[in-house]
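> what shape does this take:
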Amino acid sequence: MDKKRILETLLDEMRAKLSVLIQSAHAARQEATHEDTKAENKYDTRAIEAGYLAGAQAERVAQLQATISFFERLELKSFSSKTPIEMTALLELKSDGKKTWNFLLPQGGGMKVRQDDRDVFILGVQAPLGK
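Model prediction:
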């Protein structure tokens, strides 16, 4: 499997998520500032809740943009059968007779991409298996 293609697939999926997230953050911001959301009494918290949602989504947009930027600059290392496993290694692991492909990366753990009719799991270095 080609690690560069796997990384590009991962980036494409993250960019698609980013686009949806930006739209959602924009909609939440519009809701928070729209005149119809103005509190009608002291118990009406729609504007406050919409503001919290908009803030959280804006933070998530910033985090995802940073992750995408990081992956765009990530240098993929070449490995041989004698090279110790480290960051950017593509691993085929076997457990209980089942094989899985895992891409060891510093971020993005828990994500999965499809490449060459196989699932490739992104294994973060913070995960117990990644350590």
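> please count neighbours and contacts with C-alpha atoms only from this point.
Fine.
> just to confirm, which helix or strand has the residue most central in space within the chain in it?
To find the centre residue of the chain, average its C-alpha atoms and take the closest one (CA atoms, centre = their mean): that gives residue 108, at 5.0 Å. Under DSSP states H and E, no helix or strand contains residue 108.
> where along the protein do the helices fall?
Residue ranges of the helices in the chain, as given by DSSP state H, are 3-33, 46-73.
> can you say which of these is nearest to residue 92?
helix 3-33 (12.7 Å; CA to CA).
> just the mean pLDDT for that closest one, thanks.
Here helix 3-33 scores 89 as its mean pLDDT.
> packing partners of it?
Other helices and strands packing on helix 3-33, by 3 or more CA pairs under 8 Å, 6 or more residues apart in numbering; DSSP states H and E, are helix 46-73, strand 112-115.
> TSV for the ones you listed, including mean pLDDT?
Listed next are these as TSV, based on pLDDT from 0 to 100:
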stretch	mean pLDDT
helix 46-73	86
strand 112-115	91
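> which one of those lies nearest to residue 16?
helix 46-73 (10.8 Å).
> and the angle for the closest one with helix 3-33?
Helix 46-73 runs at 160 degrees relative to helix 3-33, counting by axes from the mean of the first three to the mean of the last three CA atoms, to 10 degrees.
> what's helix 46-73 packed up against?
Using 3+ CA pairs under 8 Å, 6+ apart, helix 46-73 sits against helix 3-33.
> lovely, talk soon.
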